[in-house]
Structure formats: structure tokens, C-alpha cells
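>>> Give me a model of this one.
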Amino acid sequence: MSAELDRQLEIYRQCRPQMLADDKMGWALVAREALVQVFDEFDSAARYADEHYPNEQVLIRHTSDQRGVAPFIVAKT
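Numbering: from 1, shown residues only. Take a look at the predicted model:
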């Protein structure tokens, strides 16, 4: 796993308790070492990432444990 992905996962894990406390359920987008936004739909998060963070690695992960634990990574070269 890349150091950048490790850092994005760490940020997600740090932010997740507050997202759950604030009842923000959905697809969390992490980019540039920050939680950007939580989206209702995966497609919305992916489109936003593509438009605002082209050619950058981002993490899109659901806030629910029931969605699984595998991260989704957008990496463009």
C-alpha cells in the first residue's frame, strides 16, 4: 500500500467517528490529506473527485461498516 493511501485511510478513520456522530452516512471523499465531503451516492463522489482532483489519488469509502472495508482509489497518470 502506498504511503499516500495509508495517510488517506488514517484521515478517514480519524474523521469517521465524527461523521457517524453527525449522522453523515454516505460516501466519504478524502483528498489532499483532508475529508472533502460526504456524498449520498458513490457516483456523485467519483464525479466530484474527477472534476476537482484530476490526476490525483483520492479515497472514496462508505461510512457504514456494512459496505465492506476495501477502499476505492482513483489514480490517474
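>>> For whichever strand or helix holds Ala45, output the C-alpha coordinates as CSV.
Taking DSSP states H and E as the definition, one finds Ala45 inside helix 42-52. Output of helix 42-52 as CSV, limited to C-alpha atoms (Å, rounded to 0.1, in the frame of the first residue of the first chain):
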residue,chain,number,x,y,z
PHE,A,42,-20.9,6.9,-5.0
ASP,A,43,-21.2,8.3,-8.5
SER,A,44,-21.5,11.8,-7.1
ALA,A,45,-18.3,11.4,-5.1
ALA,A,46,-16.5,9.9,-8.0
ARG,A,47,-17.6,12.7,-10.4
TYR,A,48,-16.6,15.4,-7.8
ALA,A,49,-13.2,13.8,-7.4
ASP,A,50,-12.7,13.6,-11.1
GLU,A,51,-13.7,17.3,-11.6
HIS,A,52,-11.8,18.7,-8.6
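>>> Val30 is in contact with Gln8, correct?
Yes. Counting by Cβ atoms under 8 Å, Val30 is a contact partner of Gln8 at 4.6 Å. For every residue, glycine as well, the C-beta is placed using N, CA and C.
>>> Okay, buried residues for the longest helix along the chain please.
Assignment by DSSP state H gives helix 3-21 as the longest helix of the chain. By 16 or more other Cβ atoms under 10 Å, the buried positions in helix 3-21 come out as 5, 8-9, 11-12, 15-16, 19.
>>> what does it rub up against?
If you take Cβ atoms under 8 Å, 6 or more residues apart in numbering as the criterion, helix 3-21 is touched by 25, 28, 30-31, 33-35, 38, 57-59, 61, 63, 71, 73.
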